[in-house]
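Participant: have a look at this prediction, sequence included:
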Amino acid sequence: MLQQLFFLTIVRPLVLIVLGLNVRHRDLIPVKGPAIIVSNHNSHLDTLVLMTLLPRRLLRALRPVAAKDYFLRDRLLAWFALTIMHIIPLERQAVERGQDPLASCSEALRNGELLILFPEGSRGNPEQMGTFKTGIAHLAKRHPDVPITPVFLHGLGKALPKGEALLVPFFCDVFVGEPVRWTGDRQSFMTTLETALNTLAAEGSFPAWD
C-alpha cells in the first residue's frame, strides 16, 4: 500500500510531468517476469524512471539491485529502500566471506520477479557510460533463458547528477532495446550487452554536453 501510494502521488507526477519522458520502442519493455532490465547509470532518478515504464500491476514484482553498504548506513534510508523500493541489497564483499552475492537475485528470478540492474555499478559522470562489471554475466549464465532488456537513459544525468540534491527539470529520453540472452561465453555476452547499450545511445544522435 505504501509503495503504491508513493509511486502514484510522488514518483509518477515527478517523472511524467516535471521531467517528461520520450520513450522509444516502448513495446519492448517486459510485461512479465522473470526478466532483467539493465541500464546506464547517471542519477538517483534512474531507478524511479525505469520503474514507471512498467505497468503499475508489476510494481510489487520490480526489484532494483543496489549496493547494501550504500543505503543501509542510515536507518531511514534503509527502511525506504527495503520497504518502498523493494531493493535487493548486494553485498560487495560477499565473495571474500565465501558467500554468494547473487543468491537473492537468483531467488527473485526463480520467483518470477523483474530485476533492475546497472552494470556500471555506481553512478558515473553525466551522460558518460562507464565500464560494465561482469556480475550481470554471472547472473545471465545461471538463468540463460531469462531475457535481459537493455535501456539507455538520456537527460537524467543533468536533471539530478551525482553529488547534487537539487532537481533541475530536464527532459528525459528513454531508448528500449531488443532483449539479449546468455551467449554461452562471458566475453561474448558482455560484448553483446555493451554493444546493445551503445547502439541505443547512438540512436538519439545527441550532441556532447559540456
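Facilitator: Cool, the structure landed. Numbers count the residues shown, from 1 in each chain.

Participant: contacts only, for the closest residue to Thr183 other than its chain neighbours.
Facilitator: In this structure, Thr183 finds its nearest non-sequential neighbour in Phe189, 4.5 Å apart by Cβ to Cβ, 6 or more residues apart in numbering. Placement of C-beta: from N, CA and C, glycine included. Listed by Cβ atoms under 8 Å, 6 or more residues apart in numbering, the contact set of Phe189 reads Ala137, Ala140, Lys141, Val180, Trp182, Thr183.

Participant: please confirm that Phe189 is located within a helix.
Facilitator: Yes: the assignment for Phe189, made by DSSP: H, G, I helix; E, B strand; the rest coil, places it in a helix.

Participant: and the gap between it and Gly177?
Facilitator: 15 Å (Cβ to Cβ, to the nearest Å).

Participant: what does Leu59 give?
Facilitator: Taking Cβ to Cβ as the measure, Leu59 falls 23 Å from Gly177.

Participant: and for Phe71?
Facilitator: Using Cβ to Cβ, Phe71 is found at 28 Å from Gly177.

Participant: helices of the protein, residue ranges please.
Facilitator: In the chain, helices defined by DSSP state H lie at 2-6, 12-13, 45-53, 68-71, 75-79, 103-110, 135-142, 156-159, 186-203, listed in chain order.

Participant: redo the ones you listed as TSV? Include mean pLDDT.
Facilitator: Formatted as TSV, the helices of the chain follow (pLDDT from 0 to 100):
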stretch	mean pLDDT
helix 2-6	87
helix 12-13	84
helix 45-53	90
helix 68-71	73
helix 75-79	85
helix 103-110	95
helix 135-142	95
helix 156-159	74
helix 186-203	94
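
Participant: out of those helices, which is closest to Ile88?
Facilitator: Closest approach to Ile88 among the helices of the chain is made by helix 103-110 (4.9 Å; Cβ to Cβ).

Participant: any residues touching the closest one, and which ones?
Facilitator: By Cβ under 8 Å, 6+ apart, the residues outside helix 103-110 that reach it are 33-34, 36, 63, 65, 88-90, 115, 139, 142-143, 146.

Participant: next, the buried residues of that helix.
Facilitator: Along helix 103-110, these residues count as buried under the neighbour rule (16 or more other Cβ atoms under 10 Å): Ser104, Cys105, Ser106, Ala108, Leu109.
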